[in-house]
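Engineer: give me a model of this one.
(one chain, ligands or ions: 1)
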Amino acid sequence: MTEIKLVRGDITRQQADAIVNAANSSLLGGGGVDGAIHRRGGPEILAECRALRASRYGTGLRTGQAVATTAGRLDADHVIHTVGPVWSRQEDRSELLASCYRESLRVAQELGARTVAFPAISTGIYGWPMDDGARIAIRTVRETAAAPVGEVRFVLFDEQAYSEFESALAAQG
Ligand code: AR6
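Structural biologist: Residues are numbered from 1 along each chain as shown. Predicted coordinates:
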């Protein structure tokens, strides 16, 4: 079974087989985690993203999907880019957020990754409330069998994110 760990910190400082990026459908960078990954990981990641746009992902990566590239200078073998949904009051997009975790784990599995570091997808620029984002993240990882992934590490940027993930983990076991 996959072990879930919580750590506070900057995801670009983590050592893992795969680091998940909270990207956007252009795959060409942005702010938040995405900006930090490209800054620290260097231009190799963007070059591979551009190549993906020129081949399989001409119209971009759809919300809820995931795709891998090199991790450049990060202390990881792969970056898995996924596109979270923008939070909406009018529409329940929870299934798309769950899909990000599921699809990222599926890609990690295909890559043979044993350790995967995730940020709290959609809970920054995309505005998803942290308590609900944490519940969906923990539940989806719990429900997704992903051998050989033995460790999923949520890397939480601040105290509030950490404590919401702690509560979700305590509630869901
Ligand atoms: N390490 C760990 N967590 C971080 C880091 C970091 N270095 N930086 C921010 N966070 P966000 P989203 C937290 O905005 O909401 C980009 O422009 C942050 O506090 O990175 O999915 C993309 O290109 C928050 O809790 O991702 C997209 O356009 C969480 O990570 C858009 O933002 C996610 O925040 C995606 O928005």
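Engineer: and residue 104, that one's in a strand?
Structural biologist: No. Counting by DSSP: H, G, I helix; E, B strand; the rest coil, residue 104 is not found in a strand; it is helix.
Engineer: in three-state terms, label the residue positioned nearest the centre of the chain for me.
Structural biologist: Per C-alpha atoms, centre = their mean, the C-alpha nearest to the average position across the chain is that of residue 20, at 3.6 Å. Assigned with three-state DSSP, residue 20 falls in the strand class.
Engineer: list the beta-bridge partners for it.
Structural biologist: On the basis of DSSP bridges, residue 20 is bridged to residue 80.
Engineer: in this structure it contacts residue 115, no?
Structural biologist: No. Using C-beta atoms under 8 Å, residue 20 is not in contact with residue 115; the gap is 11.5 Å. For glycine as for every other residue, the C-beta is placed from the backbone atoms N, C-alpha and C.
Engineer: list the residues that contact residue 3.
Structural biologist: Taking C-beta atoms under 8 Å, 6 or more residues apart in numbering as the criterion, residue 3 is in contact with 150, 151, 152.
Engineer: actually residue 145, not the one I typed
Structural biologist: Here residue 145 is in contact with residue 2 (C-beta under 8 Å, 6+ apart).
Engineer: all strands of the protein, in order?
Structural biologist: Listed in chain order, the strands of the chain (DSSP state E) span 3-8, 16-23, 66-70, 76-83, 115-118, 151-156.
Engineer: could you list the low-pLDDT ranges of this protein?
Structural biologist: By pLDDT under 70, the chain has no low-scoring segment.
Engineer: what about the residue of the chain most remote from its centre, distance to the ligand?
Structural biologist: Distance from the C-alpha centroid of the chain, by C-alpha atoms, centre = their mean, peaks at residue 90 (24.3 Å). For residue 90, the distance to the ligand equals 18 Å [C-beta to the nearest ligand atom, to the nearest Å].
Engineer: same check on residue 16?
Structural biologist: 12 Å.
Engineer: again with residue 76
Structural biologist: 13 Å.
Engineer: again, but for residue 12
Structural biologist: On the measure of C-beta to the nearest ligand atom, residue 12 and the ligand end up 5 Å apart.
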